[in-house]
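A.B. asks: Provide a 3D model corresponding to the input given below.
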Amino acid sequence: MLKAATMLSVIPNPPRIVLPIVGSEDTFPVRRVYCVGRNYGAHAREMGADPDREAPFFFLKPADALQAVPYGTLTEHPYPPRTEKYHFEVELVAALAHGGRDIPEADALAYVYGYAVGLDMTRRDLQDEAKRMSRPWDMGKGADASGPIGPLHPVSAIGHPAKGAITLSVDGQQRQSGDLSEMIQSVAEQIALLSTYFEMHPGDLIFTGTPSGVGAVSRGETMTAAIEGLGRIDLKVV
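C.D. replies: Coordinates of the predicted model:
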């Protein structure tokens, strides 16, 4: 009887991207990272857009750009190269346990495994240049470690956060402040809409938008991102 040939990788296997889960030794494997743009009215206006007229839109961040941040520690966050305007954007992150296409909005929350505090760190100067030249945002949004994220809170423990403070401070000074209820597109609406463009899968993350007050951070400064009911993460920019 012939034995199946053993398939070997010609390079070392890339590390598997996983997130810790609050109250569990298990981990959550990440497949893909979606982000919604300008999903809070005040933030849309500070970016020069009209939230009453703009259709929802999405972009992607590389899964290996995530930076897992434990609770209760000050984690070093690397300032990326080729930027002089590195901006913070605090966000609620939804993690999917189930997938599918054309998911009805009324059923969409049943697809969510849990939620976390996240940051969509952005090389704003590169993003602004891409906008001016009608180019993709990848260089602005996809820097190494540009997706800091805290541990996942399972829906079974916290439900589905629909309201609550979402804030970011730098060296103790509050810079962003909003409420989850101010989202233009709810989490359910985002899942339903995304599933008309892509087949969603277990392991997908959705960064659900940021409130107003985004701004630059410098080396040596400490960011604290917090969402009511989900705790906080602390990062020192190095």
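A.B. asks: rest of the way, CA atoms for contacts and neighbours
C.D. replies: OK.
A.B. asks: show me the shaky parts of this structure.
C.D. replies: 1-5, 43-44, 47-53 (pLDDT under 70).
A.B. asks: would you point out which residue is most central in it?
C.D. replies: Geometric centre of the chain, nearest residue: F207, 3.4 Å, by Cα atoms, centre = their mean.
A.B. asks: what sits against that residue?
C.D. replies: V33, Y34, C35, V36, E91, L92, V93, A94, G118, D120 (Cα atoms under 8 Å, 6 or more residues apart in numbering).
A.B. asks: switch to 6 Å and redo it
C.D. replies: Applying Cα atoms under 6 Å, 6 or more residues apart in numbering, one finds that F207 lies in contact with C35, V93.
A.B. asks: report the beta-bridge partners for it.
C.D. replies: C35, V93 (DSSP bridges).
A.B. asks: what's the answer for P20, then?
C.D. replies: T27.
A.B. asks: where does the residue nearest to L235 when sequence neighbours are not counted sit: helix, strand or coil?
C.D. replies: Nearest non-adjacent residue to L235, counting by Cα to Cα, 6 or more residues apart in numbering: T75, 4.7 Å away. Assigned by DSSP: H, G, I helix; E, B strand; the rest coil, the conformation of T75 is strand.
A.B. asks: renumber starting at 17 from here on
C.D. replies: New numbering, starting at 17: the last item is T91.
A.B. asks: burial of T91, as a residue count?
C.D. replies: 20 (other Cα atoms under 10 Å).
A.B. asks: same deal with the one 10 residues further on?
C.D. replies: Other residues near K101 number 16, with proximity taken as other Cα under 10 Å.
A.B. asks: please apply the same query to the one 5 residues further on.
C.D. replies: Summarising burial for V106: neighbours were counted as other Cα under 10 Å, giving 32.
A.B. asks: longest helix of the chain, counting residues only.
C.D. replies: helix 203-213 (DSSP state H).
A.B. asks: sorry, back to before: what's the spacing between the residue nearest to L251 and E237?
C.D. replies: 12 Å (Cα to Cα, to the nearest Å).
A.B. asks: now swap in M23 and tell me
C.D. replies: Counting by Cα to Cα - M23 and E237 are separated by 47 Å.
A.B. asks: check V253 too.
C.D. replies: V253 is 6 Å from E237, by Cα to Cα.
A.B. asks: quick one: which of the two has more around it?
C.D. replies: Taking neighbours as other Cα under 10 Å, V253 and E237 compare with V253 leading, 17 against 13.
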